[in-house]
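1. give the three-dimensional model of this entry:
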Amino acid sequence: MTGKRVVTLFATTALLGLGCGPEQQPAPEAAPPQSLTWEEFRARVFQEPETGAFITNGDEKFATEAQLREYYEAHVRTPELGQARGELAVMFRNGARARWSDAQKRNITYCVSTAFGSRHAQVVAAMAGAAGEWEAAADIDFVHVSGLDGSCTASQTSVVFDVNPINVGSYLARAFFPDDVRAARNVLIDNSSFGSLPPGLTLQGILRHELGHTLGFRHEHTRPEAGTCFEDNQWQALTGYDRNSTMHYPQCNGSGSWVLALTALDRAGAASLYGARRTRGTEFDFDGDRRADLAVWRRPGAHWWIQYSSTGGSGVQQWGLDDDRIVPADYTDDGRTDMAVWRPSEGIWYILDSATGGWVYAGAHWGLAGDIPVPVDYTGDGRAELAVWRPSEGNWYVFDITTGAPSIYGVQWGLPGDVPVPADYTGDGRADLAVWRPSEGNWYVFDATTGVPFIYGAQLGMAGDIPVPADYDGDGRTDLAVWRPSTGFWHVIRSGTGAAWETHWGLPDDVPVPADYDGDGRTDLAVWRPSTGHWYYLRSSDGASAAPQWGSQANGDIPVKAYR
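-> As a prediction, this is how the structure comes out:
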């Protein structure tokens with residue numbers, strides 16, 4: 001492509017343009033006229049009638065004519081191609097990468113306009129699915145603020161971006177880049193996205209591509225290796241060139257399918273830009289949207305009742321017997337909590353895959369009557385292990401699902417009367433063996449990675465308290481914490497600073513159910529009130545409170561979060 005003038009890939013040949021399909025493969029670019037004037041270029045660019053934005057390269061947006069003119073002067077009128085700045089590709093303009101900051105990346109909020117009408121639920125589900133795939137690849141969080149769907153416009157400043165319908169017919173969808181101003185940060189989905197699409201292409205696939213742009217990623221085919229469809233040199237390489245990338249138009253000499261699936265290089269590029277995904281997923285997140293769901297286990301009958309945060313819908317599943325111990329965790333490393341029970345009378349685990357509905361384990365024996373089940377990820381592979389702590393001897397027994405063999409067998413840590421509180425206190429992605437001693441209020445943590453004690457005798461709490469260790473400050477390390485039923489106070493020592501803080505949240509008869517309900521990577525203070533079935537949680541993202549109702553003591557419910 002050396003010596004060619006940079007040209008724009010117009011909507012008629014773009015993947016997300018109107019009327020293209022897998023059979024329509026454009027020929028390699030011919031050199032454009034050497035005297036393409038601004039007026040000629042401007043006349044070829046599609047302008048959205050509703051927003052006034054200019055669309056080039058199929059689905060990339062310029063908010064103003066001044067921005068479009070700047071693009072023209074730098075990349076259309078100038079004959080030289082830019083050089084690769086290193087090898088997924090990220091937008092590089094004004095001397096910097098277009099990316100969300102570390103403070104922003106875990107709370108990329110959005111709303112989905114109710115103007116979609118009967119298609120609203122479909123769009124919500126497709127957005128959640130596409131967002132979840134990117135979230136599984138890197139340390140980012142898209143958060144759907146469903147309460148703003150009814151006022152979801154470009155002027156809604158309480159979210160980072162809005163998702164709205166449009167009917168222009170020149171593309172299937174278009175998005176934005178992180179350094180765009182709020183008014184320009186919108187994902188617009190054309191009516192044609194709900195019509196006849198190329199084989200394999202779905203709404204979730206379209207949004208997977210568009211969310212790539214919202215994270216800063218350029219079209220992969222703008223790189224010289226594609227040999228066609230070059231757009232400009234405003235990019236910086238993160239990985240080697242990838243014809244299969246979800247960001248590569250198949251008709252631009254790509255070898256990927258119209259499914260637009262994330263590839264290994266897509267995931268590597270996302271992790272390079274934003275950091276690797278957090279090994280420890282969100283606890284009690286049954287739908288994979290990185291937010292804890294409201295869930296109760298109902299006896300008699302052993303039914304799981306779940307209200308999903310991604311859609312607001314609910315589900316019920318019978319799993320287990322009344323005398324079982326519930327042990328929900330992510331046993332499959334898919335970012336979703338699986339329904340699971342441990343049967344004390346037999347020492348057998350029964351695990352249901354929340355993603356497929358199939359059995360992960362049915363009849364796996366691990367543990368004895370009298371043991372306390374403590375399934376968490378002790379190995380750092382993203383999957384919870386089958387694990388028990390034996391109070392009679394203080395020993396830990398951990399079975400690694402990935403290798404099919406014990407990873408910890410008979411390690412003594414703790415005394416009879418202690419409360420097991422395993423979690424990742426060191427931030428290395430592996431749960432540590434830990435106990436809290438009610439008689440003295442002391443914490444004892446054994447670093448499973450180094451094989452030495454990490455915390456020995458740190459004092460927090462007293463008899464009658466309930467230990468509630470979790471990551472309250474979002475630094476990736478579990479904080480020591482207790483909730484005092486007699487006063488309703490939470491007492492926490494932040495792992496990041498070592499500072500202690502306390503706050504009142506809850507009443508004496510409440511059940512503490514701390515979890516990350518708002519998806520910002522920090523655990524929220526929360527209690528469940530048995531008398532009414534209300535969940536009272538305090539969002540760490542904005543300090544606001546919520547009190548949804550789910551479950552009832554009168555029905556024999558217990559909150560799933562309280563099983564420990």
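
2. what segments of the stretch 1-150 of the chain are helices?
-> Listed in chain order, the helices of the stretch 1-150 of the chain (DSSP state H, counting those that start in this stretch) span 38-44, 65-75, 120-137.

3. with just CA atoms, put the shortest one into CSV.
-> As requested, the backbone C-alpha atoms of helix 38-44 are provided in CSV (Å, rounded to 0.1, in the frame of the first residue of the first chain):
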residue,chain,number,x,y,z
TRP,A,38,-12.4,19.0,0.9
GLU,A,39,-15.7,19.6,-0.8
GLU,A,40,-15.6,16.3,-2.7
PHE,A,41,-14.6,14.4,0.5
ARG,A,42,-17.3,16.2,2.5
ALA,A,43,-19.9,15.3,0.0
ARG,A,44,-19.1,11.6,0.3
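
4. now that helix: how far from the chain's centre is it?
-> Computed by CA atoms, centre = their mean, to the nearest Å, the chain-centroid distance of helix 38-44 equals 41 Å.

5. for it, give the mean pLDDT please.
-> What helix 38-44 shows for mean pLDDT is 72.

6. what is that helix packed up against?
-> helix 65-75 (3 or more CB pairs under 8 Å, 6 or more residues apart in numbering; DSSP states H and E). Any C-beta I mention is one placed from the backbone N, CA and C, and that applies to glycine too.

7. with the longest one instead?
-> With contacts defined as 3+ CB pairs under 8 Å, 6+ apart, helix 120-137 has these neighbours: strand 108-112, strand 142-144, helix 203-214, helix 264-274.

8. for the third one, C-alpha coordinates in PDB please.
-> Same thing as helix 203-214. What follows is helix 203-214, C-alpha atoms only, in PDB (Å, rounded to 0.1, in the frame of the first residue of the first chain):
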ATOM      1  CA  LEU A 203     -27.100  -8.100  17.600                       C
ATOM      2  CA  GLN A 204     -24.600  -9.100  20.300                       C
ATOM      3  CA  GLY A 205     -21.900  -9.500  17.700                       C
ATOM      4  CA  ILE A 206     -22.600  -6.000  16.400                       C
ATOM      5  CA  LEU A 207     -22.400  -4.600  19.900                       C
ATOM      6  CA  ARG A 208     -19.300  -6.600  20.700                       C
ATOM      7  CA  HIS A 209     -17.600  -4.700  17.800                       C
ATOM      8  CA  GLU A 210     -19.100  -1.400  18.800                       C
ATOM      9  CA  LEU A 211     -18.100  -1.700  22.500                       C
ATOM     10  CA  GLY A 212     -14.500  -2.400  21.200                       C
ATOM     11  CA  HIS A 213     -14.600   1.200  19.800                       C
ATOM     12  CA  THR A 214     -16.000   2.500  23.200                       C
END
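
9. so which of the helices of the stretch 1-150 of the chain is the most surrounded?
-> helix 120-137 (a mean of 21; mean count of other CB atoms under 10 Å).

10. chain center to stretch 506-525, what's the gap?
-> The chain centre lies 19 Å from the centre of stretch 506-525; the measure is CA atoms, centre = their mean.

11. what about it, start to end distance?
-> Chord length of stretch 506-525, first to last residue, is 9 Å (CA to CA, to the nearest Å).

12. show me which residues of it are buried.
-> 506, 510-525 (16 or more other CB atoms under 10 Å).

13. and stretch 444-463, by the same measure?
-> For stretch 444-463, a neighbour-count test (16+ other CB under 10 Å) marks Tyr444, Val445, Phe446, Asp447, Ala448, Phe454, Ile455, Leu460, Gly461 as buried.

14. in the chain, which helix or strand is least confident?
-> strand 235-237 (a mean of 49; mean pLDDT, DSSP states H and E).

15. what's the most distant pair in the buried residues of stretch 444-463?
-> Across the buried residues of stretch 444-463, the longest distance by CB to CB is 23.0 Å; it joins Ala448 and Gly461.

16. Asp509 contacts Val527, correct?
-> No: contact criterion CB atoms under 8 Å: Asp509 and Val527 do not qualify, at 9.6 Å.

17. which residues touch the residue nearest the centre of the chain?
-> In the chain, the residue lying closest to the centroid (CA atoms, centre = their mean) is Glu135, at 3.7 Å. By CB atoms under 8 Å, 6 or more residues apart in numbering, the contact list for Glu135 reads Asp141, Phe142, Arg277, Arg290, Gly335.

18. repeat that for 7 Å
-> Shown in contact with Glu135 (CB atoms under 7 Å, 6 or more residues apart in numbering): Asp141, Phe142, Arg290.

19. least reliable of the helices of the stretch 1-150 of the chain going by mean pLDDT?
-> Note on the helices of the stretch 1-150 of the chain: lowest mean pLDDT is at helix 65-75, with a mean of 66.

20. in terms of pLDDT, where does Thr13 sit?
-> For Thr13, the predicted pLDDT is 28.

21. ditto for Thr426
-> 80.

22. over to it. Which of the three states is it?
-> Put simply, Thr426 is coil when judged by DSSP: H, G, I helix; E, B strand; the rest coil.

23. any idea how many residues pack against it?
-> If you count neighbours by other CB atoms under 10 Å, Thr426 ends up with 20.

24. next: Ile166.
-> 21.

25. show me what it is bridged to.
-> Asp190 (DSSP bridges).

26. residues in contact with it?
-> Glu50, Leu188, Ile189, Asp190.

27. OK, contacts around the residue lying closest to the third one once chain neighbours are set aside?
-> Using CB to CB, 6 or more residues apart in numbering and skipping residues adjacent in sequence, the residue nearest Ile189 is Ala173, 4.8 Å away. Residues in contact with Ala173 (CB under 7 Å, 6+ apart) are Leu16, Asp59, Val187, Leu188, Ile189, Asp190, Ser193, Ile206, Leu207, Glu210.

28. now the buried members of those residues.
-> Buried among these by 16+ other CB under 10 Å: Leu16, Asp59, Val187, Leu188, Ile189, Asp190, Ser193, Ile206, Leu207, Glu210.

29. doesn't Arg336 make contact with Ala136?
-> No: using CB atoms under 7 Å as the test, Ala136 is too far from Arg336 to be in contact (10.2 Å).

30. residues near the residue nearest to Asp141 when sequence neighbours are not counted, how many?
-> Spatial nearest neighbour of Asp141, chain neighbours left out: Arg106 (4.5 Å); criterion: CB to CB, 6+ apart. When neighbours are counted by other CB under 10 Å, Arg106 registers 22.

31. from Arg522, how far off is Arg106?
-> Going from Arg106 to Arg522 by CB to CB, to the nearest Å gives 9 Å.

32. what's the model's confidence in the helix or strand hosting Trp436, averaged?
-> Applying DSSP states H and E as the criterion places Trp436 in strand 433-437. Averaging pLDDT along strand 433-437 yields 97.

33. now swap in stretch 517-529 and tell me
-> On average, the pLDDT along stretch 517-529 is 94.

34. now swap in stretch 165-181 and tell me
-> Stretch 165-181 carries an average pLDDT of 91.

35. flag every buried residue along it.
-> For stretch 165-181, by 16+ other CB under 10 Å, it's 165-166, 168, 170-180.

36. list just the nearest of these to Val419.
-> Nearest member of these to Val419, counting by CB to CB, is Pro178, at 43.9 Å.

37. any idea how far Leu211 is from that closest one?
-> According to CB to CB, Pro178 and Leu211 sit 12 Å apart.

38. on that earlier part again, let me have the contacts of Glu135 in a markdown table, adding neighbour count as columns.
-> Listed next are the contacts of Glu135 as a markdown table, based on neighbours: other CB atoms under 10 Å:
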| residue | neighbour count |
| --- | --- |
| Asp141 | 24 |
| Phe142 | 25 |
| Arg290 | 28 |
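
39. nearest to Glu40, of the residues you listed?
-> Among the contacts of Glu135, Phe142 lies closest to Glu40 (CB to CB), at 39.1 Å.

40. tally of neighbours for Arg182?
-> Arg182: 15 neighbours (other CB under 10 Å).
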